[in-house]
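J.: can you look at this prediction? I've put the sequence above it.
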Amino acid sequence: MYKLEISKIALQDYVDARFTPASSADADVTAGDALNNADNATIDYDKIAADAADIHNSSLAAFDRIVNSLKVLDSNRAWFTERIVSPSGYIAIPAHVDNATRIKLLELGSEYFDAASEAENYLFKAAKILQGTMANSAALALIAEVHRLTHQEGEVGDLLRDLQSKGHLEAIVNLDNNAHPFWLTGSSGIGFGTDEEKEALVDQATAELHEAMKPYQRATAALTLARFFKKETDESGRLLYRCYFFNTSEFRPIREVEISNNMHFFASALLTSFDNTVSKYQQAEKNLLETIKALPAANKNAQEDAQD
């Protein structure tokens, strides 16, 4: 037996994460973006990046704990089914247990299995919301960094703006690269091997993108493709391809993506604050365990396992 450590759910650190305020109502990221230098100064790229990474990392940690909690719940439920009482009403306790105790085990067992199913559904729902938040956080970081790169001064910024204005600046999400799944390319406008100087400038921008996207590895990149960019998946939820190209001139505005990210944050916060499903499950499990520990000495093995 294992203790399910998910009081108020494993989202607590996530709820403590900072709310991400929208940085600028004018923060558009399309190729037609007419922001001048003064407007761009209102976009705090560092804060956007820090807040997106903070919410992503908190969500990822909470998601990992939920996955572990689901494993514990499933293991405990299997133990009760095999050693004590099953959902169908079969009691594995020896026959010399009195009838009143058997009735109590059946009642508490029914309450436990119902609570376990509700807790499991709740955890799956929480995990799904967290996945959406991770996907939106990565998308926000990607879109904000591309916006920063295309609005910077110098040769790199000049080239990226020119490529983007012609629809030739693309972001690549490559799931075969775990450490750096996010890339930039201008090959459709530059051509392969035709202008090494321009290719070097795009490579320089890609290196900066890699640095900005460090918190977001392959698993999050896949979530971003499926949940944010709505790329098609098969029946098992797997993406159909390993590599995807996106025209950066078609990216959604920073402001819009920030609002979407905040909505996911609040959905998880509300789910955490107003639901006692896990507490009900823990109480049902506790009630059943206490009854098992009070069984006659003849059931010593079940008692010892329950104690463990």
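T.: Everything's here; your move.

J.: distance check, H168 against Y281.
T.: When distances are taken as CB to CB, to the nearest Å, H168 and Y281 turn out to be 54 Å apart. Every residue, glycine included, has its C-beta placed from N, CA and C.

J.: so A62 is in contact with Q131, correct?
T.: No: judged on CB atoms under 8 Å, A62 makes no contact with Q131 at a distance of 10.8 Å.

J.: looking at those two, which one has more neighbours?
T.: Higher neighbour count among A62 and Q131: A62, with 26 against 21, using other CB atoms under 10 Å.

J.: which strand or helix spans the more buried one?
T.: Secondary structure from DSSP states H and E places A62 in helix 45-83.

J.: looking at that helix now, give me its mean pLDDT.
T.: If you average the pLDDT over helix 45-83, you get 94.

J.: any idea of the angle whichever helix or strand comes after it forms with helix 45-83?
T.: Read in the C-terminal direction, the helix or strand following helix 45-83 is helix 99-150, with elements assigned using DSSP H and E. Orientation of helix 99-150 against helix 45-83 (axes from the mean of the first three to the mean of the last three CA atoms, to 10 degrees) gives an angle of 160 degrees.

J.: now do helix 99-150: which elements does it pack against?
T.: When contacts are defined as 3 or more CB pairs under 8 Å, 6 or more residues apart in numbering; DSSP states H and E, helix 99-150 packs onto helix 45-83, helix 155-165, strand 182-185, helix 196-212, helix 218-223, helix 254-273, helix 277-293.

J.: M134: neighbouring residues, count only.
T.: Applying the criterion other CB under 10 Å, we find 27 residues in the vicinity of M134.

J.: leaving out sequence neighbours, find the closest residue to the residue nearest to the spatial centre of the chain.
T.: Centrality entry for the chain: nearest residue to the mean C-alpha point is Q131, 2.6 Å, by CA atoms, centre = their mean. For Q131, the nearest residue in space outside its immediate sequence neighbours is L223; the separation is 5.3 Å by CB to CB, 6 or more residues apart in numbering.

J.: what sits against that neighbour?
T.: Neighbour list for L223: 131-132, 134-135, 138 [criterion: CB atoms under 8 Å, 6 or more residues apart in numbering].

J.: in a markdown table, list those residues along with pLDDT and distance to L271.
T.: Written out in a markdown table, the entries for the contacts of L223 read as follows (pLDDT from 0 to 100; distance: CB to CB, whole Å):
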| residue | pLDDT | distance to L271 |
| --- | --- | --- |
| Q131 | 94 | 13 |
| G132 | 92 | 12 |
| M134 | 95 | 15 |
| A135 | 96 | 17 |
| A138 | 97 | 21 |
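
J.: from these, pick the one nearest F246.
T.: Distance to F246 across these (CB to CB) is lowest for A138, with 12.9 Å.
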